[in-house]
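>>> Attaching a predicted model along with its sequence, questions to come.
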Amino acid sequence: MRNINFYNGGFYHIYNRGALKEPIFLEVNDYVRFVHDLYEFNDVNYTIDFRKITGSSASVASTEAELPSIKKPQREPVVAIISWCLMPNHFHLFLQQLKDGGISFFMHKLGTGYTNYINRKYEERSGHLFQGRFKAKHIGQEGYFLHISRYIHLNPVDLIESGWKEDGIKDWNKIQEFLENYRWSSYQDWVGKKNFPSVLNLNGVEKIFEGAEKYTRFMKEWATGNYQPIKSLVAG
């Protein structure tokens with residue numbers, strides 16, 4: 001059982017992985033679909049059927065998560081998505097709750113909608129996609145905000161350099177280039193390269209993040225200098 005209370009204005013690290021640690025993204029269009037869902041399901045209003053907008057599947061040519069305009073009630077987001085990252089068999093989100101019950105509402109829509117999409121698309125599979133209920137950690141200290149975002153944005157390093165969480169990053173220039181070209185996280189948007197900016201909402205926390213240049217320097221200085229094993233900073 002998850003022993004955590006979600007309250008409006010609170011910040012939370014949300015994460016989950018595939019059942020039996022199996023992949024939840026099998027091809028590029030699955031990542032595109034999940035990014036679209038991050039945007040579309042973050043709303044108190046009804047959801048537009050993705051297939052009616054894009055046809056049977058999405059294309060990586062979709063350069064922004066806010067897909068073609070459709071008449072519907074004005075958006076009322078239930079959470080602010082501050083940072084996010086998708087990996088082959090798991091995801092991380094850093095959220096602030098904006099509406100009563102917003103995180104649970106959003107995560108239910110997200111999990112159910114994406115699972116239904118996968119089960120329709122890959123007819124050989126059915127049932128649960130994720131490993132139980134999503135996990136959540138309350139982030140109550142301002143000093144941890146950047147640590148959480150950094151932890152989330154550094155997750156893709158696992159794909160090219162195993163063991164970095166224990167041993168540190170040996171070649172930051174290589175890692176920085178990789179992260180700046182990895183589409184399935186908010187890192188590009190954080191460092192000034194528009195990727196899926198409509199997914200994010202940094203209102204009210206800009207004073208902590210202080211812009212792309214300082215954030216890039218913050219990432220590099222920690223990774224190449226005052227390094228601590230990342231698991232000592234953040235659970236999950």
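Right, received. Where do you want to start? Numbers count the residues shown, from 1 in each chain.

>>> Tell me the spacing between Tyr215 and His36.
Separation of Tyr215 from His36 (CB to CB, to the nearest Å): 26 Å. Bear in mind the C-beta positions are built from the backbone N, C-alpha and C, glycine included.

>>> Can you pull the domain assignment for this structure?
Taking automatic domain parsing as the reference, the chain has its domains at 11-137, 145-227.

>>> So which of Tyr215 and His36 has more stuff around it?
Using other CB atoms under 10 Å as the criterion, Tyr215 and His36 rank with His36 on top: 25 against 19.

>>> Verify the assumption that the more buried one is located in a helix.
Yes: His36: assigned to a helix according to DSSP: H, G, I helix; E, B strand; the rest coil.

>>> Now Gly111. Nearest residue, chain neighbours left out?
Nearest non-adjacent residue to Gly111, counting by CB to CB, 6 or more residues apart in numbering: Phe130, 6.1 Å away.

>>> Pull the contacting residues for that neighbour.
By CB atoms under 8 Å, 6 or more residues apart in numbering, the residues touching Phe130 are Asn16, Arg17, Gly18, Ala19, Ile24, Gly111, Thr115.

>>> Correct me if wrong: the last one contacts His128.
Yes: in this structure, Thr115 is within contact of His128 by CB atoms under 8 Å, at 7.3 Å.

>>> which of the two has more neighbours?
Thr115 (17 against 13).

>>> give me the element that one is part of.
Here Thr115, judged by DSSP states H and E, is contained in helix 102-121.

>>> what do you get for Lys214?
Taking DSSP H and E as the definition, Lys214 sits inside helix 212-224.

>>> for Gly140, same thing?
For Gly140, there is no host helix or strand (DSSP H and E).

>>> Excluding chain neighbours, give the residue nearest to Arg125 in space.
Nearest residue to Arg125, sequence neighbours excluded (CB to CB, 6+ apart): Asn119, at 6.2 Å.

>>> give me the number of residues near Leu20?
Neighbours around Leu20, by other CB under 10 Å: 8.

>>> Look at Tyr15 and give its secondary structure.
Assigned by three-state DSSP, the conformation of Tyr15 is strand.

>>> still on that earlier bit, and the domains of the chain as JSON lines, adding distance to Asn3?
Converted to JSON lines, the domains of the chain look like this (distance: least, CB to CB, whole Å):
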{"stretch": "domain 11-137", "distance to Asn3": "10"}
{"stretch": "domain 145-227", "distance to Asn3": "20"}
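
>>> got those as TSV, with mean pLDDT columns?
Below are the domains of the chain laid out as TSV (pLDDT from 0 to 100):
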stretch	mean pLDDT
domain 11-137	85
domain 145-227	85
